[in-house]
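Student: pasting the sequence and the predicted model now:
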Amino acid sequence: MQVLDKARVVFANKGYHATSITDLIEAAGIARGTFYLYFDSKRAIFDELLEHFFALLTREVRPVDVSPNASPPIEQLRAIVRHVLHVLVQNRDLARLVLREAVGLDADFDRKLQDFYGRILAVIQHALATGHSLGVARRVNTAVTSFCILGSVKELAYHLLVTQDVGELIDLDAVTREVLDFNVHGLMVPLDPGMRRS
């Protein structure tokens with residue numbers, strides 16, 4: 001829908017709070033009455049844009065398949081991270097709105113945002129528990145660790161998509177490798193057995 005496409009650009013350029021209904025109808029080239037046939041407020045069109053964005057991301061964040069014929073878990077994780085980063089970059093304007101504008105918009109939207117993050121946290125917790133049951137991940141507090149993983153990715157996304165120049169290219173493969181190396185392998189090199197403390 002042209003109105004949504006134009007609204008997406010206006011919100012991205014001006015921010016939610018600085019955008020008016022007049023800005024939206026002028027960008028879309030429609031009459032005010034036509035706008036109100038589809039949306040009853042600025043907030044309604046903003047919600048629709050972000051619901052679409054959340055749906056795109058949720059579709060990419062899926063549980064690791066541990067069936068016998070499935071790809072190795074690390075390959076699946078790599079594909080998931082790469083696809084999520086691709087969605088974020090391809091929808092950079094919407095990602096910037098969520099990361100910069102949407103938090104604290106109002107109680108209703110904060111609940112929607114928490115529900116969205118809650119679904120992602122549940123997938124991460126499931127992956128951690130599955131990894132432990134398969135013997136490929138150590139036992140951790142899945143609730144705490146899932147927040148750490150999500151937090152690291154959110155902060156990375158904020159840096160890449162909000163604070164950097166929008167014209168900068170992002171090497172998705174390199175970023176994917178770093179995200180996985182950090183969250184799967186950590187920072188420490190394996191200690192020589194002779195150096196371990198008793």
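Tutor: Structure's in. What do you need?
Student: show me where this structure has its helices.
Tutor: Under the criterion DSSP state H, helices of the chain are mapped to 2-14, 21-28, 32-38, 42-60, 73-90, 92-97, 107-133, 142-158, 172-180.
Student: save those as JSON lines, and put in mean neighbour count and mean pLDDT too.
Tutor: C-beta here means a position set from N, CA and C on the backbone, and glycine is covered the same way. Listed next are these as JSON lines, based on neighbours: other C-beta atoms under 10 Å; pLDDT from 0 to 100:
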{"stretch": "helix 2-14", "mean neighbour count": "17", "mean pLDDT": "89"}
{"stretch": "helix 21-28", "mean neighbour count": "17", "mean pLDDT": "94"}
{"stretch": "helix 32-38", "mean neighbour count": "13", "mean pLDDT": "91"}
{"stretch": "helix 42-60", "mean neighbour count": "17", "mean pLDDT": "90"}
{"stretch": "helix 73-90", "mean neighbour count": "18", "mean pLDDT": "89"}
{"stretch": "helix 92-97", "mean neighbour count": "20", "mean pLDDT": "86"}
{"stretch": "helix 107-133", "mean neighbour count": "15", "mean pLDDT": "87"}
{"stretch": "helix 142-158", "mean neighbour count": "15", "mean pLDDT": "91"}
{"stretch": "helix 172-180", "mean neighbour count": "15", "mean pLDDT": "90"}
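Student: let me have these in CSV, extended by distance to Met188.
Tutor: Conversion of those to CSV gives the following (distance: least, C-beta to C-beta, whole Å):
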stretch, distance to Met188
helix 2-14, 40
helix 21-28, 51
helix 32-38, 54
helix 42-60, 30
helix 73-90, 19
helix 92-97, 32
helix 107-133, 19
helix 142-158, 16
helix 172-180, 16
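Student: okay, now the domains of the chain?
Tutor: Here the domain assignment for the chain is 1-40, 43-185, based on automatic domain parsing.
Student: Gly15 is in contact with Leu105, correct?
Tutor: No: if you go by C-beta atoms under 8 Å, Leu105 and Gly15 don't touch, sitting 11.3 Å apart.
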